[in-house]
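1. sharing a model prediction with you, sequence too.
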Amino acid sequence: MTLDSIPGRFAYDEDHEAFRRTVRSFLAKEGVPHVAEWEEQRLVPKSFWRAAGEVGMLCPTVPQEYGGLGLDFGYNSIVNEEMAYAGVPAGFALQSDIVAGYVEHYGSPEQKAEWLPKMVSGEIVTAIAMTEPGTGSDLQSIRTTAKKDGNHYVIDGSKTYITNGQNADLVLVVAKTDPDAKPAWKGMSIILVEADREGYRRGRKLDKIGQDAADTSELFFADVRVPMTNCLGAEGQGFIQLMSQLPQERLSIAVGVQASAQKAFDETVAFTKDRKAFAGVVFDFQNTRFVLATLKTKLQVGWAHLDWAIKRHLAGELTNEEGAAAKLWHTELQWEVMDACLQLHGGAGYMNEYPIARSWRAARVSRIYGGTSEIMREVIGRKL
């Protein structure tokens with residue numbers, strides 16, 4: 001089973017598809033055979049990041065002057081699709097689709113020269129620390145501060161649910177450089193914090209329902225001193241920087257969940273054709289065929305919409321609202337597909353028996369914990 005079975009795709013050209021073959025071959029050799037081990041260890045090793053960097057899978061949009069390939073976001077999307085379909089849990093999308101964009105767009109020449117080549121090669125792993133205990137997605141309510149002391153910032157606070165938190169060598173920390181600013185967003189900045197700074201501490205690697213190898217952590221900052229040159233872009237521009245990158249960040253998530261939903265469907269078709277019941281196979285039951293036909297139809301619609309969104313983003317035309325809508329629709333589709341496919345596997349009683357169960361748990365819990373509520377606000381916030 002591969003994503004080549006999806007007919008009529010139009011987001012990619014021949015160069016994209018050649019890159020896809022490289023990515024798929026790498027994952028089949030270096031990723032898939034180790035997923036069970038990584039889930040048992042609850043961490044993806046840094047050696048896998050370096051290996052991915054060697055084949056050009058990390059940050060392909062970074063300009064060649066900084067060691068990248070200088071390609072378009074379609075190459076990022078292919079990495080995201082293939083990793084989601086293969087079930088390889090490394091947080092490449094965070095580094096390639098989000099952090100690299102911030103450094104490239106807002107970093108000083110010195111910051112870009114220092115960090116982008118290492119991100120491309122996999123020498124370093126990066127994270128962005130926004131969410132705090134008790135604040136959720138309300139960035140204006142963050143309490144982490146970066147106070148000036150001479151030519152340094154002194155950072156105090158804590159973050160949670162941070163992707164790549166245990167492995168991160170560099171963290172982009174969203175902090176208040178002016179806690180008294182009105183409105184609050186005008187006092188927010190993004191500060192680069194190296195993991196070897198005194199006072200920086202990794203907390204727990206958080207237990208999750210599903211995605212056991214995903215590196216999601218707490219981070220703590222106690223009088224962490226960094227030079228003021230570690231501010232990303234102009235001081236006080238952090239909130240604007242975060243909002244300006246939303247279309248790509250939302251699209252990145254939509255890409256991964258669509259591929260994940262397709263893999264669940266493909267696995268379920270294969271399973272129902274093999275599973276014997278009542279002197280036949282489950283695939284032959286009328287209800288099974290009705291369910292699978294409905295899911296297949298919605299997945300076809302999903303791929304068409306996803307390709308439309310990717311093409312618009314490559315042309316620089318995808319809006320914040322369209323990106324939010326893509327994340328909303330495709331994450332809801334993932335939930336629907338995962339839930340229906342789990343039932344065709346025999347329901348919750350088989351929760352730990354099949355690979356689909358791990359993805360289903362993650363999708364379900366994300367939904368319960370408000371995974372789409374913030375996106376609904378973005379879709380309807382300014383216009384429909």
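-> Perfect, thanks for sending it.
2. where does the prediction get shaky in this protein?
-> Where the chain drops to pLDDT under 70, the residues are 137, 347-384.
3. would you map the strands across the stretch 251-384 of the chain?
-> Along the stretch 251-384 of the chain, the segments classed as strands by DSSP state E, counting those that start in this stretch run 276-277, 280-281.
4. which one of those is the most hemmed in?
-> strand 280-281 (a mean of 12; mean count of other Cβ atoms under 10 Å). Where C-beta positions appear, they are placed from N, C-alpha and C, glycine not excepted.
5. that one packs against which elements?
-> Contact here means 3 or more Cβ pairs under 8 Å, 6 or more residues apart in numbering; DSSP states H and E; on that basis strand 280-281 packs against helix 246-274.
6. now the helix it packs on: buried residues?
-> 246-269, 271-272 (16 or more other Cβ atoms under 10 Å).
7. nearest to I124, out of the strands of the stretch 251-384 of the chain?
-> Nearest to I124 among these is strand 280-281 (49.7 Å), distances taken as Cβ to Cβ.
8. quick check: neighbours of the closest one in the sheet, parallel or antiparallel?
-> Next to strand 280-281 in the sheet, as set by DSSP bridges, lie strand 276-277 (antiparallel).
9. re earlier: can you redo the strands of the stretch 251-384 of the chain as TSV with distance to K118?
-> Listed next are the strands of the stretch 251-384 of the chain as TSV, based on distance: least, Cβ to Cβ, whole Å:
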stretch	distance to K118
strand 276-277	53
strand 280-281	52
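10. now for the ones you listed, which one comes closest to D13?
-> strand 280-281 (40.0 Å).
11. centre of the chain to that closest one, how far?
-> Here strand 280-281 is found 39 Å from its chain centre; the criterion is Cα atoms, centre = their mean, to the nearest Å.
12. can you list contacts of that strand?
-> For strand 280-281, the external contacting residues (Cβ atoms under 8 Å, 6 or more residues apart in numbering) are 272-275.
13. at 6 Å what do you get?
-> Contacts made with strand 280-281 from outside it, assessed by Cβ atoms under 6 Å, 6 or more residues apart in numbering, are listed as K273.
14. what about L328, neighbour count?
-> 21 (other Cβ atoms under 10 Å).
15. quick check: the gap between it and Q334.
-> Taken as Cβ to Cβ, to the nearest Å, the spacing of L328 relative to Q334 amounts to 11 Å.
16. again with W115
-> 32 Å.
17. now D15
-> Counting by Cβ to Cβ, the gap from D15 to Q334 is 28 Å.
18. comparing those two, which residue is more hemmed in?
-> Legend: neighbour count by other Cβ under 10 Å for D15 and Q334, higher for Q334 (30 against 12).
19. what is the burial count for the residue lying closest to M119 once chain neighbours are set aside?
-> Using Cβ to Cβ, 6 or more residues apart in numbering and skipping the chain neighbours, the partner closest in space to M119 is C59 (5.2 Å). If you count neighbours by other Cβ under 10 Å, C59 ends up with 32.
20. try P33
-> With neighbours defined by other Cβ under 10 Å, the count for P33 comes to 10.
21. tell me how far it lies from L27.
-> For P33, the distance to L27 - Cβ to Cβ - is 10 Å.
22. now L192: how far from E249?
-> Distance, L192 to E249, by Cβ to Cβ: 19 Å.
23. right, I mislabeled it, should have said A325
-> Plainly put, A325 is 14 Å away from E249 if you go by Cβ to Cβ.
24. same deal with G233?
-> Distance from G233 to E249, counting by Cβ to Cβ: 17 Å.
25. and the residue sitting furthest away from the middle of the chain, its phi and psi?
-> Most distant residue from the mean C-alpha position of the chain: A279, 43.7 Å away (Cα atoms, centre = their mean). The phi/psi pair for A279 (degrees, to the nearest 10) reads phi 60, psi 20.
26. one more: D223?
-> Dihedral angles of D223 (phi, psi; degrees, to the nearest 10) stand at phi 50, psi 50.
27. residue contacts, it?
-> D223 neighbours (Cβ under 6 Å, 6+ apart): 154, 199.
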